[in-house]
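J.: What would the 3D arrangement of this be:
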Amino acid sequence: MTVRTNPDEQGPPESLGSSESFGPPDPARVGPEQFVAEFFTAFTRDLLGGEDVETVHDRYHTEDVVEIVDGNRWDRDRLVAHLRPVHRNLGDFSFHVHEAVRRGNRIAARLTFHAVVRGNTVDTEIALFGEFTDDGRLRRSHQLTRTLTAGRD
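T.: Residues are numbered from 1 along each chain as shown. Purely as a prediction, here's the structure:
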């Protein structure tokens, strides 16, 4: 499943509804691939909107969130600090979810994030093992990432 979004477009993709800020999708409403695509697309679109980074972060993550990314531990403060330059420098982006499986509130997924950052194309493959709340917020995750050559999936 591919979700392509240009932040210069007006309004959200049809699959994400029509509200100005989207919030996480309902995990009970959609399958795991669509949930992952909608979660990251809505989070990134909200991040590029006019709200402050902390507000957007807290809409999609629990207060005690912990992400382990390539062996590095990221708590709320570190994630918010990481998102500030993303908020300023990210241009066009899309997500391609290659596969995802869910057991209860846990999701394992393999996806590729395609982005334009300061005019440069960046493609990143992500293996995600995450735990989400019933309302769709991320509580814990382990992620392994790999930068790809532009244009390769």
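J.: Residue 101: neighbour count?
T.: Neighbour count of residue 101, defined by other Cβ atoms under 10 Å: 12. Bear in mind the C-beta positions are built from the backbone N, C-alpha and C, glycine included.
J.: For beta bridges, what are the partners of it?
T.: Beta-bridge pairing for residue 101 (DSSP bridges): residue 108.
J.: check contacts around the closest residue to residue 119 other than its chain neighbours.
T.: Once flanking residues are discounted, residue 119 sits nearest to residue 91: 7.3 Å by Cβ to Cβ, 6 or more residues apart in numbering. If a contact means Cβ atoms under 8 Å, 6 or more residues apart in numbering, then residue 91 has 7, 115-119 as its contacts.
J.: Could you identify the buried members of those?
T.: Listed as buried from those are 115-116; burial here means 16 or more other Cβ atoms under 10 Å.
J.: Could I get the full set of helices for this protein?
T.: Taking DSSP state H to define them, one finds helices in the chain at 32-48, 53-60, 76-89.
J.: of these, which approaches residue 129 most closely?
T.: Shortest distance between residue 129 and the helices of the chain, using Cβ to Cβ, is found for helix 32-48: 11.6 Å.
J.: Let me know the average pLDDT across that closest one.
T.: Rounded to a whole number, the mean pLDDT of helix 32-48 is 94.
J.: Confirm for me that residue 100 is in contact with residue 35.
T.: Yes: under the criterion of Cβ atoms under 8 Å, residue 100 makes contact with residue 35 at 7.4 Å.
J.: shared neighbours of these two, which are they?
T.: Contacts common to residue 100 and residue 35, judged by Cβ under 8 Å, 6+ apart, are residue 107.
J.: Looking at the two, which one has more neighbours?
T.: In this view residue 100 and residue 35 are compared by other Cβ under 10 Å, and residue 35 has more residues nearby, 23 against 20.
J.: so the more buried one makes contact with residue 27?
T.: Yes: in this structure, residue 35 is within contact of residue 27 by Cβ under 8 Å, at 5.3 Å.
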